[in-house]
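K.L.:
sequence unknown, structure follows:
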């Protein structure tokens, strides 16, 4: 049986530190947009930490949740792409094939999580910042959609490594940059098809909820609700 | 069908339209020269190398992902490409006991320190007037020669003026090196400066627990955590270590979920995670702690004696703190008496429980009292040195070279702060400052204006800076000798907190230097060698690596993470592991006995800078999630990382309670003017429900005048309007004790990541 | 008539505005830090197909055209292989990682200090080594960045794919030339035959 | 090719001319189908006394529609099967979305076959010289006989003038 | 041939000539004013082209689009122009099938609008692409990669539907022009004669040709109506197929079709009024045409109100949080001015004008049509943008403000339409001459209509220039 990558985000552990946000930018060659572009809503963060305020002073509470692409099983972004740039792969990822993308931005509209990003301009890095670019991840040119890939390149490296060592992949061996960095351990990643994996176990907890479950997208990210 | 047979026509049309950009490619003549690589890596294969994070004082271990790549370098005056190992990602060192493989946002953005486009690549000599930023490139020999020439006279016993060395608080061999270096200079001063220093807490811990050290919290086993203003999940102390144990506290144990209460006037990133937010009035946190202690004692939940020596410093402790009845405390702190009682009962019944204090409560004129009060509360709760409570990371004792025995004249050496340095420069007493060396510290940006730091520094005849960037302070320098980045250097650190064991973070350079820079420790050793005399004697090593090896190989004989048969084997294992950590008791620095004070501390009312009728708001500068105290403002990743609560990017803002804002006619995004008796600043307003109505808060970090392309001229600097009130016993700046007034100026520009409503469930949609 | 004149003026006005706006370069391409135009970085310029450095390159890519490189030294593969060297002797990275790699000039000089030192090509090599410079070898097989291809040699070598499958019989070549159109069809037909992944994300990402 | 024709100012005279030509056809040895009528606007075949027109065009169009629809479904279905990409957990070839494409291709097929059928059955385009007079575009109706015996032209000319032709012209290609 | 027609033809042969002369005048003679107008419009179009090249060169970022408003002016324009395209073919096809004889001077006008609006509309999805030079990837063509467009994407449905509709509309427009080109071939001189000779395809006007042409037109009319309905339904499905608040709605198909016909008729009325004025066709495009079209417009206006009520009422009662957010944002929030302008433009202003017979004059219908065109553009905008600004997660709500690029390109298309129309008028008689000449044979049913007793109520009455005038 093939793998089905999934993630659990424990909102009771999440501290909103945004280590995941920077980890993602670093791993995935996400260019900074600059102030004027960011002010227009064009900053790219494949994972963002949403916050909301509740209550009136002094009984104020804050809630937040990190939102990457939910890698839906029934993803609305996929059927609408006219060129199959957005598609579902065997490991359950909503993959985006950049060179097949012509930039209709239809998928971005279809995504109820607003988890897809468009390259409004050609990304650029002031020299020598380009030296930090991850050679395993391509740079998306202007006019192309991009999104969270669950750091698939890491999974491929790990799989290749395991294959070279002639052993199966271990649970927890593969983790996206956000999960790897999360200081409070709020994020767990793994194979949902493996009932013994940490992610399968946690996804089955009573606290588990899906984001916008009513839209019927069947996300592969389970949020564990905060207990207060 | 072949693509090349397709749509030839349309492509040809496009070509016609855009012909001007087409150039011949693959012509060898136009390419840069390629130099022979100095190291060999397998192309495309990742190597993980250890390093030590220098982004804050936590001392986390790094794991640097190094992959071969092409870098543009200059070799023998010719620029060309060379294949070198390039850092692609910073992750936590999985074996390191402080951060255990994790790393915060600021730590990860450290990659952009090394590859920053504004990093200085050559030694520079000033050509224009001071502060003009006009420099010319010079060679290292020339630069070192000049430095030698300038410092030589100061090193002689007959020198009439002294040398000052301005650094952030340093630990480990870097500190030892600089101290030893200065020992050769008569009347020299090692001045350490950090805006958010924890001097008050260290002093309180010295008094209460005999350890002048920041504590380590075993949150993983705590059931109740009560934090007084400490942003321990964000920026304070060792945030990664604390976040790690916080996660376990919440959901890492079966059946137990720790509760977390935060006391602060503005919800910080940490406060946002709390189960309960208690906006006590600024400066009254100590009283609140004692109010809780009162309940604990009066309800016989804990005996007063449990506090032991920590209670000794609180007046009236042994009598059960009669002045701190919840009703009385409530009146001052504006926290309901039931809340105080409830907290006390929870703390007592759900042990282990721990109280944390840090940040703004200690930056009041009564900061020491507050810290002692919380320490006493911790002691009363029995959480000192216990699982789930507050501990102290063992400090490696006498390792490395001690500064040579102080000669008679050296006794006058100052280990001072920036105010005394400024004083010394202005008055010329006890000796005029003949030269100033600056290493990374930026007091011109971060010190309150009334300290007149810049005005003082420009009077120093010679300033040299070792910084990698020109900032507000180093741009005053006459000579800049840029350091390697920490990924390119030998790094060591002795984390003060964050682990239960004694930790040495140490790593060789993870990368080859990208620019024509030199590691400052090596420069100082070279300089010491050139200067000769006592300086050279105090620093006999040729390289910093040799010094480190000398200092740390003796650790082989202690029980620790590395077992080795020889010193060489030990050394190479330590280098591979990225440090050494103890696995048993280590000889510690002798705990500093409580001395210099015998009287208990009475409650003192906090004093504020500025009359309340003219300046009705408490001004709360807070370390920003992105930039800490501002040193990371030149990193674009952090500039574009949305602030958790305001979602602001690329700028600074003033946080105001919506009710207050309405009263003042201020809408979200409006430009407001914040005035204190010491200055005025302008920034856009952010209406935040999580701030007390009489407090306005502002993130520290923006408002740099000169700090590279990403930070310069961006936002406002809250330090520029701070008063100079200090905590009287420690002399620490009471940076949260300034009062301000606020008024609307007009429309402002605010770059927000989220322009949606503040509440997810909001139905109110009018804009 | 007045109406028409007004219309004409308006039309010309809009045209003029569009031309003027279109001429102010820099502003829209500027990304991180307001003062930095996109062109400042080596990675981008405001080109028509920004995934390519130049339009010419874009067209070459589009029509699967790969210019034949001119090598600084006429390296003779045939001789080296005839002397018993293996591909991996020099291109060791192929078995270990994504890239096969080209050996450094120091590697070449290990033998050519003594072997065939009279050969003018070897003398060229020696002069590079003496200058501390690498030989500016030109890539023979490559993908345009716009293809977003992630190709790793090692898994192919592990799977027993012979080097000649893609690179042709180099033992019969002198200067290496591009032997096959390394396009998606080429890759896919082999992947399909061997029943290995044909998932887009395996190679494109 | 040659012909003789008369130009008639109205349909009545033209009709009479057609009728008259029909009557004289046997005598002057030409077939009724050699009678040429050209007008600037459609004329009623029956009233003109011409044979009733008949065409299979609607059926051709319907067949074209069926072919188009089949092709559309095939395109949607088979091409997706050749490179199956599962999207959103849905079947690779789904009925509902394929129906839209099928429908559009049905219509496209019908439209294209109609156009082709029209051109084919109306024998257009044809740029060679045929019996025509520019006066038709002034509203005249041309009635004539094509490829008739040249010897009969005098009789024909008379017949045409008798029925009210404004002018009678001869037409021949070199 | 009826007595009446015969009388007409016999009594006034000079009128026949005059009709041809009148209708060919705009084709064969061009005044300097027309050149001036063309230059003015051309300047706008050129500006639009400059803006498009600029956008393609630098990236979509030069537009005002952002996250989450990934679609803005361009898609608004796309829907709007595709809607306008429903003017012609649908109207003339229905009228042709219904054999409403008053349609004859109107059909070609309307069909030309269809074709040009369709071309303009269909260019917007390409203008709006992030990488417009790759638009052909929407077309299924064999490639060595063996990859294909996704036939499940509504954008591909769009592509199929628009291709079909454009083919059909072109045929519908061009086939009946062939006889008129034949006439022009005989009248024109110089290069135009050569051109028309080619275009006329060797048309003579034999009974066979006439029969086939009429048959083809009848089939086309049957086919084009369902195609036109499907086109705008599919355009609506671009929106309805994705889970976006207020988009994901079953009413969208008919809602869009009704809106399309609505705006199409409005555009037709404006075009007719302009042609009448500019080309001096007062005698051919008569008040009765405007009156009839005005009545149709009135019906569509009511239908539009019906749909907007149906759409909004269900959302109101459904009370799903994300949908209500959009609903309130349009009606009470930031889009309030636009929303109520739209309601005024589409109903409150045109309804009384069109409902009161005395106001349903040429001027009246033109005023009503103008407001409707504006209103319908706003309607498209209010469908596209607010739903994207207020999607499910409030944290990611956004703002949209068009940039000069989008505005310039939009203006350019509004200039392109009259420019194309002017060019068309210069090559083709805008009123079908042969059809107008009334040679069409009445169907048996229609023959009764033309019996003497019916003459007074014949809608055809008065649409031809009468002999004496």
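P.N.:
Now that the structure is in, tell me what you want to look at. Remember, predicted model here, so these are calculated numbers, not experimental data. Numbers count the residues shown, from 1 in each chain, chains lettered A, B, ... in the order given.
K.L.:
so what's the residue in chain C that chain D sits nearest to up against?
P.N.:
Closest contact between chain C and chain D, by Cβ to the nearest Cβ, is at residue C:200 (8.0 Å). C-beta: built from backbone N, CA, C; applies to glycine. Counting by Cβ atoms under 8 Å, 6 or more residues apart in numbering or on different chains, residue C:200 touches A:87, A:89, A:95, A:97, A:100.
K.L.:
now with 10 Å?
P.N.:
Going by Cβ atoms under 10 Å, 6 or more residues apart in numbering or on different chains, residue C:200 touches A:84-85, A:87, A:89, A:95-97, A:99-100, C:148, C:184, D:85, E:147.
K.L.:
Which of the residues you listed sits closest to chain B?
P.N.:
residue C:184 (10.1 Å).
K.L.:
So that closest one versus residue B:612, what's the distance?
P.N.:
Here residue C:184 is placed at a distance of 73 Å from residue B:612 (Cβ to Cβ, to the nearest Å).
K.L.:
Between these two, which has more neighbouring residues?
P.N.:
Neighbour count, other Cβ atoms under 10 Å in any protein chain shown: between residue C:184 and residue B:612, residue C:184 has more, with 20 against 11.
K.L.:
Run through chain E and note the low-pLDDT ranges.
P.N.:
Chain E contains residues with pLDDT under 70 at E:1-17, E:143-147, E:438-469.
K.L.:
what do you get if the cut-off is 80, keeping everything else the same?
P.N.:
For chain E, the stretches flagged by pLDDT under 80 are E:1-23, E:26, E:28-29, E:87-91, E:99-103, E:141-148, E:436-469.
K.L.:
anything in the longest helix seen in chain A near chain B?
P.N.:
Scanning chain A for the helix with the most residues, using DSSP state H, yields helix A:152-164. Yes. Under the criterion of Cβ under 10 Å from any Cβ of the partner chain, chain B is reached by helix A:152-164 at residue A:157.
K.L.:
quick check: mean pLDDT across that helix?
P.N.:
For helix A:152-164, the per-residue pLDDT values average out at 91.
K.L.:
which helices and strands does the longest helix seen in chain B pack with?
P.N.:
Longest helix in chain B, counting residues (DSSP H): helix B:140-155. Judged by 3 or more Cβ pairs under 10 Å, 6 or more residues apart in numbering or on different chains; DSSP states H and E, helix B:140-155 is in contact with strand B:124-126, strand B:162-167, strand B:433-438, strand B:462-465, strand B:479-480, helix B:520-531, helix B:533-538.
K.L.:
One more pass at 7 Å, please.
P.N.:
strand B:162-167, strand B:433-438, strand B:479-480, helix B:520-531 (3 or more Cβ pairs under 7 Å, 6 or more residues apart in numbering or on different chains; DSSP states H and E).
K.L.:
Using CSV, lay out the ones you listed together with mean neighbour count, mean pLDDT and distance to residue B:197.
P.N.:
Below are those laid out as CSV (neighbours: other Cβ atoms under 10 Å in any protein chain shown; pLDDT from 0 to 100; distance: least, Cβ to Cβ, whole Å):
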stretch, mean neighbour count, mean pLDDT, distance to residue B:197
strand B:162-167, 24, 92, 13
strand B:433-438, 26, 93, 17
strand B:479-480, 24, 95, 25
helix B:520-531, 22, 94, 22
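K.L.:
now the closest residue to residue B:665 other than its chain neighbours: how far from chain D?
P.N.:
Distances taken as Cβ to Cβ, 6 or more residues apart in numbering or on different chains place residue B:744 nearest to residue B:665, at 5.5 Å, with adjacent residues excluded. Using Cβ to the nearest Cβ, to the nearest Å, residue B:744 is found at 50 Å from chain D.
K.L.:
Contacts for the helix or strand containing residue B:744 next, please.
P.N.:
Per DSSP states H and E, residue B:744 falls inside strand B:738-747. Residues from elsewhere that reach strand B:738-747 (Cβ atoms under 7 Å, 6 or more residues apart in numbering or on different chains): B:608-610, B:612, B:614-619, B:656, B:664-666, B:670-676, B:682, B:696, B:721-723.
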